[in-house]
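Novice: just to be clear, the model below is a prediction. Sequence and coordinates:
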Amino acid sequence: MNTKITAKNVIITPGITNRITKKTEKLYRYFDQDIVIQVHINKIGAKNKKVEVTIPLKGTILRAESIGDDNLFIAIDSALSKIERQIHKHKTKLSKFIKQDNSIFEEFEFFDSLLDEEEKNVEKRKTYPVRPMSLEDAKLNMEMLGHSFYIYIDADTNLTNVLYLRKDGTLGLLEPER
């Protein structure tokens, strides 16, 4: 088991390496296979740094990211705690990827009650007319509504598409396979 640390536009100091290594060591207890925890740090903007943590498992991937304004250590801690919460939240689903001995989870039973509170239910349903339009019309409608996504029927393909605003401010388009 090891931790792979990569960076873009950020200098990795021994202090950063030690912090990441110390925090990732406690994640290794959940896995019996040789895994590599990948931590990528990227500078975005003048002061912000984004930390992405990825754990590729056989058949699935755990991933979390966090953006810290000036303090990189807070972003590291936040991303790694998100990964740990994912493990706790999905422990039954991940049981085929995590150690067969589930006794490790018994000491974290307080997470179960916390996660039950976080479960989200559909509180509101909304219907709206969907009509064929071009991508440019969909962009315009999304901007006018002030939404972060827009569902429409593409005029050329007659298929339902989803236009969405990505975290980095660019647009993404989900198109069904034909």
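Specialist: Thanks, I have the structure now. Residues are numbered from 1 along each chain as shown.

Novice: from now on I want contacts and neighbour counts done on CA atoms only, so please keep to that.
Specialist: Will do.

Novice: list the buried ones in stretch 79-92?
Specialist: Using 16 or more other CA atoms under 10 Å as the test for burial, stretch 79-92 gives 79-84, 86-89, 91.

Novice: so, low pLDDT: which residues of this protein?
Specialist: Applying pLDDT under 70 to the chain flags residues 1, 32-33, 58-60, 90-119.

Novice: got the phi and psi for the residue most central in space within it?
Specialist: With distances taken as CA atoms, centre = their mean, the chain has residue 64 as the residue nearest its mean C-alpha position (4.1 Å). As for residue 64, its main-chain torsions (degrees, to the nearest 10) stand at phi -150, psi 150.

Novice: can I assume residue 34 sits in a strand?
Specialist: No. Looking at residue 34 with DSSP: H, G, I helix; E, B strand; the rest coil, it is coil, so not inside a strand.

Novice: residues near it, how many?
Specialist: Residue 34: 10 surrounding residues under other CA atoms under 10 Å.

Novice: please apply the same query to residue 62.
Specialist: Burial measure for residue 62: 16 neighbouring residues, criterion other CA under 10 Å.

Novice: that one against residue 56, yeah?
Specialist: Yes. Between residue 62 and residue 56 there is a contact under CA atoms under 8 Å: 6.4 Å.

Novice: what sits against residue 81?
Specialist: For residue 81, no contacting residues are found, by CA atoms under 8 Å, 6 or more residues apart in numbering.

Novice: what strand or helix carries it?
Specialist: Per DSSP states H and E: residue 81 is located in helix 72-89.

Novice: now residue 127: how far from residue 30?
Specialist: Distance of residue 127 to residue 30, computed by CA to CA, to the nearest Å: 43 Å.

Novice: of these two, who's got more company?
Specialist: The neighbour comparison of residue 127 against residue 30 (other CA under 10 Å) goes to residue 30, with 19 against 5.

Novice: dihedrals phi and psi, that one?
Specialist: Main-chain dihedrals, residue 30, degrees, to the nearest 10: phi -80, psi -20.

Novice: again, but for residue 139
Specialist: Note on residue 139: its backbone torsions stand at phi -60, psi -50 [degrees, to the nearest 10].

Novice: my read: it touches residue 164, true?
Specialist: No. With contact defined as CA under 8 Å, residue 139 does not reach residue 164; the gap is 9.1 Å.

Novice: between the two, which contacts overlap?
Specialist: Common neighbours of residue 139 and residue 164 (criterion: CA under 8 Å, 6+ apart): residue 150.

Novice: comparing these two, which residue is more hemmed in?
Specialist: The residue with more neighbours, out of residue 139 and residue 164, is residue 164; 19 against 15, by other CA under 10 Å.
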